[in-house]
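1. need a structure here:
(2 chains)
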Amino acid sequence: MRLNFTVNGRATAVDDVWEGESLLYVLRERAGLPGAKNACEQGECGSCTVYLDGSPVCACLVAAGQAEGREVRTVEGLGGPGRLDPLQEAFVECGAVQCGFCTPGLLVQAHDLLERVTHPSDAEIREALAGNLCRCTGYEKILDAVRLAAERKAAAR
Amino acid sequence: MRPFVYERAEEARSAVAAVADRPDAMYLGGGTNLVDLMRLGVAEPARLVDVSRLPYDTVGVRPDGALRIGAAVRNSDLAAHPAVRRAHPLLAQALLAGASGQVRNMATVGGNLLQRTRCAYFQDITKPCNKRNPGSGCPAREGDHRNLAIIGHSEACVATHPSDMAVALAALDAVVHLEGRDGPRTLPLTELYRLPGDDPRRDTVLDPADLITEVTVPALSFGGRSHYRKVRDRASFAFAVVSVAAALDVAGGVVRDCRIAFGAIAPVPWRARRAEEALRGAPATEDAFAAAARAELGQARPLRDNAFKVPLARNLLVRTLTELVVA
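-> Prediction:
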């Protein structure tokens, strides 16, 4: 089947999509966007988190057909041309990356949190990121980065 | 994954017709459980009828105060709805206690109600399981059953129902609205689910072509004094070990009325009518709450490794009701 959807603001048509493919597979293997990662394929780890119509979801559990006509925003679409989103900068500065595999999913999920909550408490950050697993267990730096980005974002308002 | 045909339903009648004609067709909601089960080989539909874009995606309040919840409403949208938070806080709490943000953003109300058990043997096609493969046996009885049922289970199946939302809805006397082969009908949510008995294949009384279109929750004067409490093995993103949904109406130190349901102790969201009966007219004291818990949990028949759930469920109910008295 042909899949028509918007990816990072660009109208995209993908042909020869098999019904059993996930949105994640379409993004990675057909749309040239390998940012979202394929790990558990069960919605447990959050490595494949992308925005679907403005809400973060696990792209591994979205059947390709369900994305028809909808808007997808991946980690590649968080920043602008040639520049990182402030949250991505905070991840770099805090060293909130170990092997890096969970990072794209964490960025999208934390980005959504900061869009909704100006001054998230630690408890709110932890709950918001509960669906994102870091197998390196580098959570402290990740929390640091989200706190830093939240502070900067609040200061810039 | 077995190859399948995907089609998007435009309206309810054609969706019902598409599934009614084909025994190997299934409805697809948010897909957070079904897509996973297809990948595991537990579910093998030849045709998926996507009903997630049918026009059942709004929450409203009827003139009589009842909530109308469209079956395609996302779990996160329902949890955030002002009317839910104000009139039925236990429902919002139950929704937010379930899964992760990403999953709640995708999961629908209808799909949440019809999700399958997370019993490890059901999800592993290399193992026997009477629910998946009738007559093959139930390894959970002698195997890993720490988090399985203590009440309502049978020789054939000891699985639990995994939903948090359904526990709150069971306590709230929710009504399920269906579109089926013979047109629309309604069913109390507590009658939607069936106990396994000697045929655990079906979790509900529904025909495969029955489509959930809406759930209504009648107004409850004391719904604002309610709570959903969930015990799990980690602080977030885990299925319940035991949960309780409770609403309490107390006047002059006496329980005038109450609604109670337990989660994760039974094959169905367990409405605790015996406990409710024991409490109506009783003093609002810890002793009376404990007696009510005993009235309900006296029916429990725990397995080798899950007897701890009996005192856990009792303590959870006593603590939740005690806090609601003060609230």
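2. please enumerate the helices of chain B.
-> For chain B, the helices defined by DSSP state H occupy B:12-20, B:34-40, B:75-80, B:82-87, B:89-97, B:101-106, B:109-113, B:165-171, B:189-192, B:273-279, B:286-297, B:309-326.
3. then chain A?
-> A:23-25, A:86-94, A:103-116, A:122-128, A:139-155.
4. among these, which comes closest to chain B?
-> Comparing those by their distance to chain B (C-beta to the nearest C-beta), the top pick is helix A:122-128, with 5.7 Å. The way it works is simple: take the backbone N, C-alpha and C, and place the C-beta from them, glycine included.
5. and residue 50, how many neighbours?
-> You didn't pick a chain, so chain A it is. Neighbour count of A:Val50, defined by other C-beta atoms under 10 Å in any protein chain shown: 31.
6. wait, chain B
-> 19.
7. mind checking how far the residue in chain A that chain B sits nearest to is from A:Gln66?
-> Residue of chain A nearest chain B, by C-beta to the nearest C-beta: A:Gly131 (2.4 Å). Per C-beta to C-beta, to the nearest Å, A:Gly131 is found 19 Å from A:Gln66.
8. contact residues of chain B facing chain A?
-> Within chain B, the positions lying close to chain A (C-beta under 8 Å from any C-beta of the partner chain) are B:1, B:3-6, B:8, B:28, B:31-32, B:35-36, B:38-39, B:48, B:50, B:52, B:74, B:76, B:99-103, B:105-106, B:235-237.
9. which one's more surrounded, A:Gly131 and A:Gln66?
-> Using other C-beta under 10 Å as the criterion, A:Gly131 and A:Gln66 rank with A:Gln66 on top: 27 against 24.
10. next one, pLDDT for the more buried one please.
-> Per-residue confidence (pLDDT) for A:Gln66: 95.
11. and for A:Pro81?
-> 89.
12. how many residues are close by it?
-> 4.
13. what sits against it?
-> For A:Pro81, the contact set (C-beta atoms under 8 Å, 6 or more residues apart in numbering or on different chains) is empty.
14. only alpha carbons, please: show stretch A:50-69 as CSV.
-> Output of stretch A:50-69 as CSV, limited to C-alpha atoms (Å, rounded to 0.1, in the frame of the first residue of the first chain):
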residue,chain,number,x,y,z
VAL,A,50,8.1,9.9,18.1
TYR,A,51,5.4,12.5,18.0
LEU,A,52,2.2,11.4,16.3
ASP,A,53,-0.2,14.3,15.8
GLY,A,54,1.6,16.1,18.6
SER,A,55,1.6,13.3,21.2
PRO,A,56,4.6,11.1,21.9
VAL,A,57,3.9,7.4,21.1
CYS,A,58,6.0,4.2,20.7
ALA,A,59,6.4,4.0,16.9
CYS,A,60,7.0,0.3,17.1
LEU,A,61,3.4,-0.3,18.2
VAL,A,62,1.9,1.9,15.5
ALA,A,63,0.8,-0.1,12.5
ALA,A,64,1.9,1.7,9.3
GLY,A,65,-1.7,2.2,8.1
GLN,A,66,-2.6,4.0,11.3
ALA,A,67,-0.2,6.8,10.3
GLU,A,68,-2.0,7.6,7.1
GLY,A,69,-2.7,11.3,6.8
